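*Asks:* task: produce atomic coordinates for the following.
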Amino acid sequence: MTHHILKATKETVHLGGFSHLLKPALIVNSNDTIDVETYTGYYVYDKAPPEFLTPEFVDICKNLPPERKIASGPHLLTGPIYIRDAEPGDVLEIQLEAISPRLPIGFNAIRTGWGALPQQFPHPTLKFIPLDLENNFAEFPLGSNIKIPLTPFFGILGVATPENSRNSIPPGAYGGNIDNRELQAGSRLFLPIYLPGALFSIGDGHSAQGDGEVNVTAIETSMNGRIKLKLRKDLQLKIPIAETPTDFITMGFAPTLDNALELALKNMIYFLERFTNLSPEDAYILCSLAVNFHITQVVNNPQKGVHGMLSKSIFPKIIL
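*Replies:* Okay, here's the model as predicted:
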């Protein structure tokens, strides 16, 4: 096992999407750990206060090579990371060991035509929000004494697929823009692999977000993390599954919340069949008795997200 440091530079980040044509930013072995840097705010850097800017970030925004601009998504991602011996049909286990804001400031933006209420809030708005990293909260609005606890996570954790260019906005079975606030430090995410090397990328740091992410953004934050990437040839999954210290999580992504719920439910039934040997009927019943379904996000067009949470406390033991 080797430990790596992956800095965010104009040679190691990419903008707007995923592509298997990208040169890997790092090549690792299974079980290697990585300290990874991410930046956010590519399209708002010219409106940002000085504390949001670092020389490296400004260099990225001014000099990112054309070949690392993949699609029209707004996300700046670090990667891709190539995992040796990873093959299509394998599963990539991402262990999120540490996540922390790298700057004492983030932003929230309303985008015209986006969000849960685009007609009611049609005008673009950009607000930079200071982060009290010592006391672990953000006050919003400033002067209100409303203190939001910081619960940092990465909104995007995903692998490349055979498309030459895949927009970073919609999530899917490959992960991507999941925006699931449960995936904090101490969690694991399992993603099916589609291409040799997996080509994993990470970014879209959020310091705080409510379920739904209703106005399009959270507290968007440049973020540092420590991750371990583990190749799982003993698992065969066609869907993403996550595990927190307290819960197992399945996800559903679809154009409507009804369909996203249906997929999250079907994926939980599949999980229970596969890992607890329950019959489909008993798994369906257990979902009604013990699984809590949450709206992950409603803004990552064209895919809305729902996730189901199953408490680990009700089982003798499940090992993934």
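
*Asks:* helices of the protein, start to end?
*Replies:* Taking DSSP state H as the criterion, the chain contains helices spanning 55-63, 257-276, 280-290.

*Asks:* please export the C-alpha coordinates of the first one as CSV.
*Replies:* What follows is the C-alpha trace of helix 55-63 in CSV, where atoms were taken according to Å, rounded to 0.1, in the frame of the first residue of the first chain:
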residue,chain,number,x,y,z
PRO,A,55,-2.6,31.3,-6.9
GLU,A,56,-3.1,27.6,-8.0
PHE,A,57,-6.9,28.1,-8.4
VAL,A,58,-6.5,31.3,-10.4
ASP,A,59,-3.9,29.5,-12.6
ILE,A,60,-6.5,26.8,-13.2
CYS,A,61,-9.2,29.3,-14.1
LYS,A,62,-7.0,31.3,-16.5
ASN,A,63,-4.9,28.5,-18.0
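
*Asks:* neighbouring contacts of that helix?
*Replies:* Surrounding helix 55-63, the residues in contact under the criterion CB atoms under 8 Å, 6 or more residues apart in numbering are 7-10, 13, 39, 41-42, 45-46, 76, 222. No exception for glycine: its C-beta is placed from N, CA and C like everyone else's.

*Asks:* same check, this time on stretch 301-308
*Replies:* By CB under 8 Å, 6+ apart, the surrounding residues in contact with stretch 301-308 are 114, 169-172, 178-180, 182, 242, 249-257, 260-261, 263-265, 267-268, 287, 291-298.

*Asks:* with adjacent residues omitted, what lies nearest to residue 261?
*Replies:* Beyond its immediate neighbours in the sequence, the residue positioned closest to residue 261 (CB to CB, 6 or more residues apart in numbering) is residue 306, lying 4.6 Å away.

*Asks:* and that neighbour, how far is that from residue 259?
*Replies:* With distances taken as CB to CB, to the nearest Å, residue 306 is found 9 Å from residue 259.

*Asks:* comparing the two, which shows the higher neighbour count?
*Replies:* Set side by side, residue 306 and residue 259 show more neighbours around residue 306, with 26 against 15, by other CB atoms under 10 Å.

*Asks:* if I look at that one, how far off is residue 291?
*Replies:* With distances taken as CB to CB, residue 306 is found 11 Å from residue 291.

*Asks:* and residue 118, by the same measure?
*Replies:* Computed with CB to CB, the distance linking residue 118 and residue 291 is 31 Å.

*Asks:* please say which of those two ends up with more neighbours.
*Replies:* For the pair residue 118 and residue 291, the greater number of neighbours falls to residue 291 (22 against 15), based on other CB under 10 Å.

*Asks:* next one: residue 270 from residue 212, what distance?
*Replies:* As judged by CB to CB, residue 270 and residue 212 stand 25 Å apart.

*Asks:* pLDDT score assigned to the residue nearest to residue 261?
*Replies:* At residue 306, the pLDDT value in this model is 98.

*Asks:* quick one: buried ones out of the contacts of stretch 301-308?
*Replies:* Neighbour-count burial (16 or more other CB atoms under 10 Å) applied to the contacts of stretch 301-308 gives 114, 169-172, 178-180, 182, 242, 249-254, 257, 260-261, 263-265, 267-268, 287, 291, 293-298.

*Asks:* using neighbour counts, pick out the buried residues of stretch 134-144.
*Replies:* For stretch 134-144, the neighbour count (16+ other CB under 10 Å) marks 137-140 as buried.

*Asks:* that one: end-to-end distance?
*Replies:* Taking CA to CA, to the nearest Å, the span from the opening residue of stretch 134-144 to its closing residue is 19 Å.

*Asks:* centre of the chain to it, how far?
*Replies:* Between the mean C-alpha point of stretch 134-144 and the mean C-alpha point of its chain there is a distance of 24 Å (CA atoms, centre = their mean, to the nearest Å).

*Asks:* what residue ranges in the stretch 51-200 of the chain score low on pLDDT?
*Replies:* Per-residue confidence of the stretch 51-200 of the chain (counting by pLDDT under 70) places no residue in a weak region.

*Asks:* related to what we said a few turns ago, check the helices of the chain for me and report the most buried one.
*Replies:* Mean neighbour count, computed with mean count of other CB atoms under 10 Å, is highest for helix 257-276 among the helices of the chain, reaching a mean of 19.

*Asks:* can you name every helix or strand that it contacts?
*Replies:* strand 247-254, helix 280-290, strand 291-297, strand 304-311 (3 or more CB pairs under 8 Å, 6 or more residues apart in numbering; DSSP states H and E).

*Asks:* can you show me the CA trace of the third one as CSV?
*Replies:* What it means is strand 291-297. Extracted in CSV, the C-alpha atoms of strand 291-297 (Å, rounded to 0.1, in the frame of the first residue of the first chain):
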residue,chain,number,x,y,z
VAL,A,291,-36.1,1.7,5.4
ASN,A,292,-36.2,5.5,5.4
PHE,A,293,-36.3,7.1,1.9
HIS,A,294,-35.0,10.6,1.5
ILE,A,295,-34.9,13.1,-1.4
THR,A,296,-31.2,13.4,-2.3
GLN,A,297,-31.6,16.2,-4.8
